[in-house]
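I would like to see how this sequence folds:
(2 chains)
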Amino acid sequence: MSDYRVLPGPEHFLPPAAASMGISLPNPGEAHINGVITSEDKAYEEAARQFLMAKVPTIFPGPLVLWAWNEKAAKKATAVRHLFNTLKECVQPGQKPMLIPMPDYRPKYPKINPEVEINPNHPNLTIWHNKIDCCMFIGVHCHQANLSLKIIRGGTSCYTIAMCAQAGHEDAMLSFRDASVEKIMKLADTVKRLKGTVQPRLSAKNGASN
Amino acid sequence: MSKERIQISEALYDIMPSDYQDLVKSATYGKEDRGWKDIGTSKELIEQHSLCAGCPESMAFRYILASLPNPEDTVMVGSTGCTSLVFPMVAVHNIHSLFGNQNAIASGLKRALSVRFPGRVKDVVVLAGDGATVDIGLDMTLQAWFRQEKFTTICFDNELYANTGGQESGLMQKGFVAKMAPVGKLFDKVRLPEIARESGCHYVVNCTVSKPSLVEKVIRNAVHIAREIGPTYLQLYTPCILEIGKNSMEGLQEMRDSEKPAERFAYKEYVSEPAKQLLAELAAKDKERKAAAKQLAAQAQAN
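Now for the predicted structure:
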């Protein structure tokens, strides 16, 4: 097993792909935390803890859930909204949960409004602008998610979570696989259950640093 | 993605940036009669662009995007140049290819789309500058035409390499002196419209973009002919006002001056016999459709 750990950055300008450092993807029913394969239950707890600790916990829904291209996508979108609403109910004063969309993958050169959207080609701009210190990707095509996760790890200190509908992401600090409505709802339930048990990082001057 | 699939998930509608909401609410995807007259009354498929103030290329982009007959099922292929600064803001699927490789990419794409979506009309439109079309990519441009690939090639001809400072291009006029071509062009402007005709293009037009209605007509013709018969080519003059020493307000006049009868962008059109027949059929169908719509409207008024 590799000694490499997928940790919050800033790692450096071109962080290695975690896969190239020996990190492997979880099998069905598993997840990974920092590159170490673990049970899904442990990952729910850790993801909920990270959300509740963060000053600006943020969900980044991607095109696969933002656009109602089939019934399942619309249901997942409803679950994402439920997770966000739960997060808002469970945080303490001073914490600021956000829900920022990645509507498509256009680089939007030269102008993107980082306050209202994120794109995979320079996700660090949205992270820096909103001082996001924990984020979760959901509904982003895998190749674009990997690109974003690496850029974020390279240039920011943001903790990244991937709620992946396929095989998971080595480049996230925590990754689920085979995401479904049930899994999103279970994460929301875990956040609710851990409400009040986690001390938020409110003393930090800013969220993510660069 | 078809028009029916361009819907935002209700649960996340409020967080979508307003330009996406507008695209779903009031863009002209799926509208049969879409055209340049929709500009100003509906959401355009270009949100903003990074071209210079007054750049005729930006006018061309707006007219073309307003005129594509089937934008929700169109893929555009771009290349290196000023156009590649605009594509990131365009709400039509698009691919950025290697410099000059655009017609090769479009060939593969068109074939793949025909296999993947056999029952659906999928248009492919190449849009590249003169450097990509005529100099660096001439091989790919011509080979696509020789093979009778069914897509439209549009060349934004500004007669030099504009965004790298003004180097000489094959489409530059003879004797022209540019910032990075101080000796002056020693040979004639390459006659690509004629080469296109001889290479098998079924519809070839050489014009400026000074008249939006004309741009609309040639775009619709080119896309329809490419869809049914074979390759089509449009060479549109989009002068680089910076590189030819003009001001922002002078782009339109420059195009008007260049389209006078004896000038190099005087309107020239070639239509092959099968293409003529297709255009006649389309015009007849259009007339029939409009007459039926008029009759329906009259009936509705009478009731």
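
alpha carbons of the longest helix seen in chain A, as CSV, please.
Determined from DSSP state H, the single longest helix within chain A is helix A:71-90. Taking C-alpha atoms only, helix A:71-90 is exported to CSV below (Å, rounded to 0.1, in the frame of the first residue of the first chain):
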residue,chain,number,x,y,z
GLU,A,71,-36.0,11.6,-13.8
LYS,A,72,-33.2,10.3,-11.7
ALA,A,73,-31.2,13.5,-12.2
ALA,A,74,-34.2,15.6,-11.0
LYS,A,75,-34.5,13.3,-7.9
LYS,A,76,-30.8,13.7,-7.1
ALA,A,77,-31.2,17.4,-7.4
THR,A,78,-33.9,17.3,-4.8
ALA,A,79,-31.7,15.2,-2.5
VAL,A,80,-28.8,17.7,-3.0
ARG,A,81,-31.2,20.6,-2.0
HIS,A,82,-32.2,18.6,1.1
LEU,A,83,-28.6,18.0,2.1
PHE,A,84,-27.9,21.7,1.7
ASN,A,85,-31.0,22.7,3.8
THR,A,86,-30.0,20.2,6.5
LEU,A,87,-26.5,21.6,6.5
LYS,A,88,-27.9,25.1,6.9
GLU,A,89,-30.0,24.0,9.9
CYS,A,90,-27.1,22.2,11.6
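
what parts of chain B come near chain A?
Selection of chain B residues close to chain A by Cβ under 8 Å from any Cβ of the partner chain yields B:1, B:5-12, B:15-17, B:20, B:48, B:50, B:85, B:88-90. Quick note: C-beta positions are derived from backbone N, CA and C, even for glycine.

please indicate which of those residues are buried?
Among these, those classed as buried by neighbour count (16 or more other Cβ atoms under 10 Å in any protein chain shown) are B:6, B:8-9, B:11-12, B:15-17, B:20, B:85, B:88-90.

farthest-apart pair in these, please.
Taking every pair in those and measuring Cβ to Cβ, the maximum separation is 34.8 Å, between B:11 and B:85.

hmm, back to that, does anything pack onto the longest helix of chain A? Which helices or strands?
Judged by 3 or more Cβ pairs under 8 Å, 6 or more residues apart in numbering or on different chains; DSSP states H and E, helix A:71-90 is in contact with strand A:57-61, helix A:63-66, strand A:98-99, helix A:181-193.

let me know the pLDDT of the closest residue to chain A within chain B.
Residue nearest to chain A within chain B: residue B:9 (3.4 Å; Cβ to the nearest Cβ). Looking at residue B:9, its pLDDT is 97.

on that earlier part again, which among the helices and strands packed on helix A:71-90 is found nearest to residue B:182?
Comparing those by Cβ to Cβ, helix A:63-66 comes nearest, at 48.9 Å.

so which residue is dead centre in chain A?
residue A:136 (1.7 Å; Cα atoms, centre = their mean).

let's see the pLDDT reported for that residue.
On pLDDT, residue A:136 comes in at 98.

that one reaches residue A:47, doesn't it?
Yes - at 7.3 Å, residue A:136 counts as touching residue A:47 under the criterion of Cβ atoms under 8 Å.

which residues do those two both contact?
Listed as contacting both residue A:136 and residue A:47 by Cβ atoms under 8 Å, 6 or more residues apart in numbering or on different chains are residue A:161.

which ones are touching the residue in chain A that chain B sits nearest to?
Nearest residue of chain A to chain B: residue A:77, at 3.4 Å (Cβ to the nearest Cβ). Each residue near residue A:77 by Cβ under 8 Å, 6+ apart is listed here: A:61, A:65-66, A:68, B:9-12.

and which of the residues you listed is nearest residue B:239?
residue A:66 (39.8 Å).

and the closest one, what pLDDT?
97.

pull up the gap between it and residue B:27, please.
17 Å (Cβ to Cβ, to the nearest Å).

ok, residue A:167 touching residue A:25?
Yes - counting by Cβ under 8 Å, residue A:25 is a contact partner of residue A:167 at 5.0 Å.

quick one: which of these two has more around it?
residue A:25 (18 against 14; other Cβ atoms under 10 Å in any protein chain shown).

look at that one and give its secondary structure.
Under DSSP: H, G, I helix; E, B strand; the rest coil, residue A:25 falls in the coil class.

residue contacts, the residue of chain B closest to chain A?
Going by Cβ under 8 Å, 6+ apart, residue B:9 touches A:65-68, A:73-74, A:77-78.

I'd like the helices and strands packed on helix A:71-90 as JSON lines, with mean neighbour count appended.
Shown next, in JSON lines, are these (neighbours: other Cβ atoms under 10 Å in any protein chain shown):
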{"stretch": "strand A:57-61", "mean neighbour count": "28"}
{"stretch": "helix A:63-66", "mean neighbour count": "24"}
{"stretch": "strand A:98-99", "mean neighbour count": "18"}
{"stretch": "helix A:181-193", "mean neighbour count": "18"}
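
out of these, the one nearest residue B:294 is which?
helix A:63-66 (40.5 Å).

show me the shaky parts of the chain.
Answering for chain A, as no chain was given. For chain A, the stretches with pLDDT under 70 are A:110, A:203-210.

looking at chain B here, not the other one
Using pLDDT under 70, the flagged stretches of chain B are B:1-3, B:5.

now the longest helix along it: buried residues?
Across chain B, the helix with the greatest residue count (assigned by DSSP H) is helix B:273-302. Residues of helix B:273-302 classed as buried: B:275, B:278-279 (neighbour count, 16+ other Cβ under 10 Å).

what parts of chain A come near chain B?
Going by Cβ under 8 Å from any Cβ, the residues of chain A near chain B are A:61, A:65-69, A:73-74, A:77-78, A:80-81, A:99-101, A:103, A:106-111, A:113, A:116-117.

let's see it at 7 Å
Within reach of chain B by Cβ under 7 Å from any Cβ of the partner chain, chain A has these residues: A:61, A:65-69, A:73-74, A:77-78, A:80-81, A:99, A:101, A:103, A:106-111, A:116-117.

let's see the PyMOL selection covering just the buried ones among the residues you listed.
Of the residues of chain A next to chain B, the buried ones can be selected in PyMOL as follows, counting by 16+ other Cβ under 10 Å:
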select buried, chain A and resi 61+65+66+67+68+69+73+74+77+78+80+81+99+101+103+106+108+109+117
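
strands of chain A, start to end?
A:30-33, A:36-39, A:57-61, A:98-99, A:134-138, A:159-163, A:174-176 (DSSP state E).

residue B:269: which of those strands is closest?
The nearest among the strands of chain A, by Cβ to Cβ, is strand A:57-61 at 48.4 Å.

neighbours of residue A:91, just the number please.
When neighbours are counted by other Cβ under 10 Å, residue A:91 registers 22.

wait, it touches residue A:85, no?
No - assessed by Cβ atoms under 7 Å, residue A:91 is found out of contact with residue A:85, at 11.4 Å.

isn't residue B:240 up against residue B:158?
Yes - the criterion here is Cβ under 7 Å, and residue B:240 meets it with residue B:158 at 4.3 Å.

neighbour count: those two, which is higher?
residue B:158 (29 against 25).

I figured that one was touching residue B:242, is that so?
No - counting by Cβ under 7 Å, residue B:158 sits too far from residue B:242 to count as a contact (9.9 Å).

in the stretch 151-300 of chain B, which spans are strands?
Applying DSSP state E, counting those that start in this stretch to the stretch 151-300 of chain B gives strands spanning B:152-157, B:203-208, B:232-237, B:268-271.
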